[in-house]
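**Student:** Have a look at this fold, sequence not included:
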């Protein structure tokens, strides 16, 4: 005679006490600690490993994660984020020429879209537009651009979702932007560093 099984899958019909004794998670509580850890030392189960990024439980916001950068030059501060989308940003010719001459070891897939490149380009373009009529007859030189960026400081921060431990942390420039800032004499500042 055929007998249909009832109850939950995996239920063998054994009493609950026997099932819990043989089940691998039998002694665990809702927090994941063992019953002996709950009764004993509260430090059992602590970890010295740094906390990673939180588990993604819903769809990410369209613009996050990203970075935001700030360029300070003699009291003037420009802020911005990287450019996204299919169209490349229109960079100042001096910045674009420098990025075009980078070797493959210094280039990134997103070269020219970084917030650092966009901000340096914006400042050089503003300085170029502010030149006298006579000086503007010739194209701006790298020396004039470096002079316009004298004493410039640049910092970049990570922008993440609420609860992400990386939110607000310093973001080191990519290889392309490291070369770009060195070329134009812009100092990259980590505000969290001890010597900043």
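**Tutor:** Yes, it's here. None of the values given here were measured: they were computed from a predicted structure. Numbers count the residues shown, from 1 in each chain.
**Student:** Quick check: which ranges of this structure have low pLDDT?
**Tutor:** Residue ranges of the chain with pLDDT under 70: 1-62, 194-196.
**Student:** buried stuff in the biggest helix by length in the chain?
**Tutor:** Longest helix of the chain, by residue count under DSSP state H: helix 115-129. Under the neighbour-count criterion of 16 or more other Cβ atoms under 10 Å, helix 115-129 has 115-125, 127-128 buried. Where you see a C-beta, it was placed from the backbone N, CA and C, and this is true even at glycine.
**Student:** Tell me where this structure has strands.
**Tutor:** 66-73, 76-80, 153-159, 187-188 (DSSP state E).
**Student:** Walk me through which strands the first one pairs with, and which way each runs.
**Tutor:** The reference is to strand 66-73. Using DSSP bridges, the strands paired with strand 66-73 are strand 76-80 (antiparallel), strand 153-159 (antiparallel).
**Student:** what about the helices in the chain?
**Tutor:** Under DSSP H, the chain gives helices at 16-22, 35-39, 93-100, 115-129, 142-148, 175-184.
**Student:** Would you mind saying which of those helices lies nearest residue 155?
**Tutor:** helix 115-129 (9.7 Å; Cβ to Cβ).
**Student:** ok now do residue 128, which residues does it touch?
**Tutor:** Going by Cβ atoms under 8 Å, 6 or more residues apart in numbering, residue 128 touches 92, 136, 140.
**Student:** Columns neighbour count and distance to residue 176 on top of the residues you listed, output as TSV?
**Tutor:** Converted to TSV, those look like this (neighbours: other Cβ atoms under 10 Å; distance: Cβ to Cβ, whole Å):
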residue	neighbour count	distance to residue 176
92	20	15
136	12	28
140	19	21
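**Student:** right, and out of those residues, which lies closest to residue 72?
**Tutor:** Distances from residue 72 to the contacts of residue 128, taken by Cβ to Cβ, are shortest for residue 92, at 18.5 Å.
**Student:** From residue 73, how far off is the closest one?
**Tutor:** As judged by Cβ to Cβ, to the nearest Å, residue 92 and residue 73 stand 14 Å apart.
**Student:** Repeat that for residue 103.
**Tutor:** Taken as Cβ to Cβ, the span from residue 103 to residue 73 is 28 Å.
**Student:** Could you check which of those two has the larger neighbour count?
**Tutor:** Legend: neighbour count by other Cβ atoms under 10 Å for residue 103 and residue 73, higher for residue 73 (20 against 8).
**Student:** wait, doesn't the more buried one sit right on residue 147?
**Tutor:** No: counting by Cβ atoms under 8 Å, residue 73 stays clear of residue 147, with 11.0 Å between them.
**Student:** Please spell out which residues along stretch 171-187 are buried.
**Tutor:** Buried residues in stretch 171-187, counted by 16+ other Cβ under 10 Å: 171, 173-174, 176-177, 179-181, 183-184, 186.
**Student:** Any idea how far apart the tips of that stretch sit?
**Tutor:** 14 Å (Cα to Cα, to the nearest Å).
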